[in-house]
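K.L.:
Following is a predicted model, sequence given first.
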Amino acid sequence: MTVQRPFRARFVAPLLWGTSLNPVNSSIIATSLVAIAAGFGVSAGQTATLVAAVYVSSAVAQPAMGRLATQFGPRRVFLGGLGIVTIAGIVGTFAPAFGWLIVSRALIGIGTAAGYPTAMAMIRTRAETAGTGIPGGVLGGIAIAGQVTSALGLPLGGLLVGVWDWPAVFAVNIPLGLVGIAMTLAWLPADGPRARGSVRALARALDVTGMALFAAAVVALIAVLSDITRPNWWIAAAFVAAVAALIVWERRAQHPFIDVRMLARNGPLVRTYLRQALTLMSAYTVLYGYVQWLEEGRGLGAGVSGLVMLPMSVVAAIGAAAIARRALVRTPQLISAVAMIVGAVALTMVSATTSIVLLVVLSLVFGIVMGMNSTANQAALYTQTTPDEIGVASGLLRTASYLGAIFASALIALAFPGRATDAGLHAAAFVLVALGVAVLLLVALDRRLPRRGH
């Protein structure tokens, strides 16, 4: 039996809403950090933990939510995530101490992490039932929504703080969560009945030990990269030990959280994760490092710097839309890699005297990188996994993106130890050239990478 017109607006709208909450919360906090520091009497370094809290919790929770969706049903987990977001908004809004803000941001990371892997699972199930093949338009819509909301997070946060002060950037999650819950209950079809079993059987099926080891590895890696200029070798050793323990455990687990045997067999999927991490490392280096240089190295005001970078998000959205409906994979990846190399080479030649027009053109180039890469990798993953695997696999794709962002932060810290200078920007740009070449080779030499999804 097929589903007529399976991807109606009512089905797609809640998915776009839920998957957008993570990117918007990643950026919305930036404009409130100064007000939070003043309100609670904490340092700028302490407020930075509010940014890291979402990245850390999301990086760990993305694949975990995919696994929970397989066990309990994606709609149930999707709703649970929206409920956690709503609770997180209440905790942050009425936080009596700074520590409660960290709790709120961690809950936001966990709750919003449910959106993407569960949405991908529901889309895959619906497409399989309808026999439509890869739904390029829907996948492209999710990619575009994420890019647009991430870009809107900064101005939205500034507006909220200006009107209602810092609690507003937490309070906004209350209506966002409630509206998402209402749309989900009204428009998304219910999951089927789930199998009942003992708590011990459920723990084995979820592989709680595997989840804990994966979380330990991610947290240790982030801790090592958080101060790359003064690495803590004990934490580095803990990261290696956690990874080794994870591999040993997952090879023996009856229901592994991270199926390392499957990954060993599925080279194309592993290469998709690697392309995603390397490309997002490049994009986030530009998104944060380039902006910092525009203000400190080029001497532009924050408002002008934002306008210089705005075309990056616009072009990213247009590029994603252009390739999404045809579910293109290989060609966008090649274009993205070449654009990364060209843009990085151009970055090695900019200086404090470079015209604003050329600086805007640079942001356009990296908009091509962001728009085409993420959408094409999403389509590639869809063809490289089975319906049972797609929840966890999609979560790992987002985790790869977060790791790219974390590595970008480490590169920026190395390039700009004090102020953002021309020399530091050029040093980072040379690293980006190498990343672009690596991604180009990963695409050009991968004979199993399809021209398009199917």
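P.N.:
That came in fine, so what should we check first? Numbers count the residues shown, from 1 in each chain.
K.L.:
Phi and psi next, for L328.
P.N.:
With angles defined as degrees, to the nearest 10, L328 sits at phi -70, psi 150.
K.L.:
Is it bridged to anything, and to what?
P.N.:
Counting by DSSP bridges, L328 is bridged to R452.
K.L.:
you'd agree it is up against L449?
P.N.:
No. With contact defined as CB atoms under 8 Å, L328 does not reach L449; the gap is 11.3 Å. All C-beta spots, glycine's among them, are computed from the backbone N, C-alpha and C.
K.L.:
State the distance from A444 to T331.
P.N.:
Taking CB to CB, to the nearest Å as the measure, A444 falls 12 Å from T331.
K.L.:
try M349
P.N.:
According to CB to CB, M349 and T331 sit 28 Å apart.
K.L.:
next one: P23
P.N.:
25 Å.
K.L.:
repeat for V286
P.N.:
The spacing between V286 and T331, counted by CB to CB, is 22 Å.
K.L.:
chain center to stretch 249-260, what's the gap?
P.N.:
How far stretch 249-260 lies from its chain's middle: 24 Å, per CA atoms, centre = their mean, to the nearest Å.
K.L.:
typed the wrong thing, it's stretch 23-32
P.N.:
Centroid separation between stretch 23-32 and its chain, computed with CA atoms, centre = their mean, is 13 Å.
K.L.:
May I have the distance across it, first residue to last?
P.N.:
Using CA to CA, to the nearest Å, one end of stretch 23-32 lies 16 Å from the other.
K.L.:
how about A380, secondary structure?
P.N.:
State at A380, reduced to three classes by DSSP: H, G, I helix; E, B strand; the rest coil: helix.
K.L.:
per-residue confidence for it?
P.N.:
On the pLDDT scale, A380 is placed at 86.
K.L.:
That one - how many residues pack around it?
P.N.:
Using other CB atoms under 10 Å, A380 has 28 neighbouring residues.
K.L.:
residues contacting it?
P.N.:
A380 is in contact with 268, 272, 329, 333, 449-450, 453, counting by CB atoms under 8 Å, 6 or more residues apart in numbering.
K.L.:
Recalculate using a threshold of 10 Å.
P.N.:
Counting by CB atoms under 10 Å, 6 or more residues apart in numbering, A380 touches 268-269, 271-272, 275-276, 327, 329-330, 332-333, 397, 446, 448-450, 452-453.
K.L.:
ditto for P450
P.N.:
P450 makes contact with 268, 327-330, 379-380, 383-384, according to CB under 10 Å, 6+ apart.
K.L.:
doesn't it fall inside a helix?
P.N.:
No. P450 is assigned coil when assessed by three-state DSSP, not a helix.
K.L.:
And M183, how close does it get to R75?
P.N.:
Counting by CB to CB - M183 and R75 are separated by 12 Å.
K.L.:
Give the intersection of the neighbour lists for the two.
P.N.:
With contacts defined as CB under 10 Å, 6+ apart, the residues adjacent to both M183 and R75 are P14.
K.L.:
And V286 and T331? Which one has more around it.
P.N.:
With neighbours defined as other CB under 10 Å, V286 and T331 compare such that V286 has more, 27 against 15.
K.L.:
Skipping its backbone neighbours, what lies nearest the more buried one in space?
P.N.:
Nearest residue to V286, sequence neighbours excluded (CB to CB, 6 or more residues apart in numbering): F366, at 4.8 Å.
K.L.:
now L347
P.N.:
A429 (3.6 Å).
K.L.:
isn't there a helix covering I258?
P.N.:
No. Using three-state DSSP, the secondary structure at I258 is coil, not a helix.
K.L.:
and it, what is it in contact with?
P.N.:
I258 neighbours (CB under 10 Å, 6+ apart): 63, 67, 207, 210-211, 213-214, 217, 246-247, 249-250, 392, 396.
K.L.:
Secondary structure and neighbour count for the residues you listed - can I get that in TSV?
P.N.:
Compiled in TSV, the contacts of I258 are given as follows (DSSP: H, G, I helix; E, B strand; the rest coil; neighbours: other CB atoms under 10 Å):
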residue	secondary structure	neighbour count
P63	helix	26
R67	helix	23
D207	coil	22
G210	helix	23
M211	helix	19
L213	helix	23
F214	helix	24
A217	helix	22
L246	helix	23
I247	helix	14
W249	helix	19
E250	helix	22
V392	helix	26
L396	helix	26
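K.L.:
Export those to CSV and append columns for pLDDT and distance to A53.
P.N.:
Output for the contacts of I258, formatted as CSV (pLDDT from 0 to 100; distance: CB to CB, whole Å):
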residue, pLDDT, distance to A53
P63, 85, 18
R67, 83, 22
D207, 81, 25
G210, 86, 23
M211, 84, 18
L213, 91, 21
F214, 87, 18
A217, 89, 18
L246, 92, 23
I247, 93, 27
W249, 92, 27
E250, 90, 27
V392, 80, 23
L396, 85, 20
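K.L.:
In JSON lines: these, plus distance to A236.
P.N.:
Shown next, in JSON lines, are the contacts of I258 (distance: CB to CB, whole Å):
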{"residue": "P63", "distance to A236": "23"}
{"residue": "R67", "distance to A236": "28"}
{"residue": "D207", "distance to A236": "26"}
{"residue": "G210", "distance to A236": "22"}
{"residue": "M211", "distance to A236": "22"}
{"residue": "L213", "distance to A236": "17"}
{"residue": "F214", "distance to A236": "17"}
{"residue": "A217", "distance to A236": "12"}
{"residue": "L246", "distance to A236": "16"}
{"residue": "I247", "distance to A236": "17"}
{"residue": "W249", "distance to A236": "21"}
{"residue": "E250", "distance to A236": "22"}
{"residue": "V392", "distance to A236": "27"}
{"residue": "L396", "distance to A236": "22"}
